[in-house]
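Enquirer: Generate a structure from the sequence data that follows.
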Amino acid sequence: MNDSPWATEPVPAGPAYDALVGPHTRPMPIVPDAAGRAFDDREARDRGAAFAGGPPLRAETPLQEPMPSPPPPPSQAPQDASPPPQKKRAGRDLRAAIGVGVGLGAVIFASLFIVKAVFVGVVVVAVVVGLWELTSRLQEKKGIKAPLVPLAVGGAAMVIAGYVRGAEGAWVAMALTALAVLVWRMTEPPEDYLKDVTGGVFAAFYVPFLATFVTMLLTADDGPQRVVTFLVLTVVSDTGAYAVGWRFGKTKLAPRISPGKTREGLFGAVAFAMAAGALCMEFLIDGGAWWQGLILGLAVAVSATLGDLGESMIKRDLGIKDMGTLLPGHGGIMDRLDSLLPTAPVVWLLLAAFVGTG
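Expert: So this is what the prediction gives:
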C-alpha cells in the first residue's frame, strides 16, 4: 500500500462501473506536476494546450448570474415621462377660415350698398348651393331622394317673392314649391315616395323659406343697415361663443349633440351679442334704441345657438362632420348658414315690432 499523500485510490473501470455511475461522472485521476502540485488531467490538457500555443480549454465552472444593480438614489430617479398637456387648438384652419370669411363679407357688403338686386342674387346662389349640399347628403347617407330641380327653382322663386311681395309672396311660393315636389316625385316608382317628398318639403322650408326673411329685411328704407345688423349680431354671437368657450369653457351645453359647445360659451355669445345689438340699434337702425338692442342681441344669441345645434343634430344623424367642402376652413355653404337661417325671421320680427317694416 502506498502511503504517499499524492497517491490515489485505483479508479475502477469497466462496464460495471459505467453502468453504476455513468461514463461521464467517473472521477478524473490526480497527476502531480513537476513542482509536486497535484492537478487533474483536465488541467493538464489545458496547460498542454497553452504550451503548445493553442487556446486553453474553458473550465467547466457554472455560470454566475450578474448581480442586480442597486436602485438609483432618489436624486437620480427617473422623472415622470408623461407628456405635457397640449394647448387648446382650433379644429379648423383658422387662416383659411378668416380669409374665406373676409372674402364673403366683402361680396355681401359690396352688393348691399351698390345694388340691392345684386344682394338678392347672392342670396339665391347661396340657397341653391345649400339645397344641393343638403339633398346630396340626404341621398348619400339616408337614401332620401329629395328632387333638386323643383327645390332649386322654387327656392329661387321664394327668395325673389319675399323681396318683391313680402311675407305673403314668400308663403305662396313655399306652398307652390311643396306642390311641385309632390308632383315631380310622381314620375318615379312609388317606393319611398312618402320619405322622399317629406325630405323635399323639409329642405324647402329649412333653406329657402327661412332665407326669404333676409331679403324681406332689405325691403325697408334702411334695409341695408338692417341686413348688416342681422349679419353682425349673428357673427358676433358665434365669435363670442367660440372665444369664451375656448378660453373658459368647462361645462358642456349639449354633449350628445355638439360636444364642443359649453354653457360658458353660451354666456359669451349672449354678452357679445347684447353689446353689439345695443350699438347697432343706437347707430344703424332708424328710430332704434339701445335697450331694444339688448333684447335683440339676446334673441339672436339664443336663435343662433339653437340653429347651430339643429344643424349639428342633422349632421350627427347623417354621420358626417360637414355638409360640404366648398369653403376652405368652413366646410360647405350649409355649415355657414346654420346659425343665419333660423336667426333671420327672429331679427325681422323684432325689428318690425320695434321700428316697423317701412
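Enquirer: Could you use CA atoms for every contact and neighbour count after this?
Expert: OK.
Enquirer: hey, where'd the helices end up in the protein?
Expert: Per DSSP state H, the chain carries helices over the ranges 15-21, 41-51, 94-114, 116-142, 148-185, 193-204, 210-218, 223-248, 263-283, 290-318, 333-337, 340-355.
Enquirer: Could you look over these and pick the most buried one?
Expert: helix 210-218 (a mean of 26; mean count of other C-alpha atoms under 10 Å).
Enquirer: circling back: ok, which of the helices of the chain comes nearest Arg256?
Expert: In terms of C-alpha to C-alpha, the element of these nearest to Arg256 is helix 290-318, at 9.0 Å.
Enquirer: List the residues that contact Ala117.
Expert: Ala117 sits next to Ser111 when contact means C-alpha atoms under 8 Å, 6 or more residues apart in numbering.
Enquirer: could you measure the nearest residue to Gly331 once chain neighbours are set aside against Leu134, distance?
Expert: Leaving aside its sequence neighbours, Gly331 sits nearest to Thr325 (C-alpha to C-alpha, 6 or more residues apart in numbering; 4.6 Å). Taking C-alpha to C-alpha, to the nearest Å as the measure, Thr325 falls 12 Å from Leu134.
Enquirer: same question, Gly331
Expert: Distance from Gly331 to Leu134, counting by C-alpha to C-alpha: 13 Å.
Enquirer: contact partners of the top strand by length along the chain?
Expert: Using DSSP state E to define each element, the chain has its longest strand at strand 258-262. In this structure, residues lying in contact with strand 258-262 by C-alpha under 8 Å, 6+ apart are 245, 249-255, 309, 312-313.
Enquirer: out of those residues, who's nearest Ile98?
Expert: Gly245 (18.7 Å).
Enquirer: could you list every residue that touches the closest residue to that closest one other than its chain neighbours?
Expert: With sequence-adjacent residues excluded and distances taken as C-alpha to C-alpha, 6+ apart, Gly245 is closest to Gly265, at 3.9 Å. Applying C-alpha under 8 Å, 6+ apart to Gly265 gives the contacts 240-246, 248-249.
Enquirer: let's see 6 Å
Expert: Taking C-alpha atoms under 6 Å, 6 or more residues apart in numbering, we find Gly265 in contact with 241, 244-245.
Enquirer: ok, now how distant is it from Ala301?
Expert: From Gly265 across to Ala301, the span is 11 Å (C-alpha to C-alpha).
Enquirer: what's the answer for Arg316, then?
Expert: In terms of C-alpha to C-alpha, Arg316 sits 22 Å off from Ala301.
Enquirer: for Ser339, same thing?
Expert: 9 Å.
Enquirer: ok, and the closest non-adjacent residue to Thr305?
Expert: Ser339 (6.7 Å).
Enquirer: What is the neighbour count of that neighbour?
Expert: 26 (other C-alpha atoms under 10 Å).
Enquirer: Surely it and Leu306 touch.
Expert: No: using C-alpha atoms under 6 Å, Ser339 is not in contact with Leu306; the gap is 7.5 Å.
Enquirer: Convert stretch 111-118 to PDB, retaining C-alpha atoms only.
Expert: Output of stretch 111-118 as PDB, limited to C-alpha atoms (Å, rounded to 0.1, in the frame of the first residue of the first chain):
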ATOM      1  CA  SER A 111     -73.700  94.100 -53.100                       C
ATOM      2  CA  LEU A 112     -75.800  95.500 -50.300                       C
ATOM      3  CA  PHE A 113     -74.700  99.100 -50.700                       C
ATOM      4  CA  ILE A 114     -74.300  99.200 -54.500                       C
ATOM      5  CA  VAL A 115     -77.400  97.500 -56.000                       C
ATOM      6  CA  LYS A 116     -79.900  95.700 -53.800                       C
ATOM      7  CA  ALA A 117     -80.900  93.300 -56.600                       C
ATOM      8  CA  VAL A 118     -77.300  92.000 -56.600                       C
END
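Enquirer: Please consider this matter closed, and thank you.
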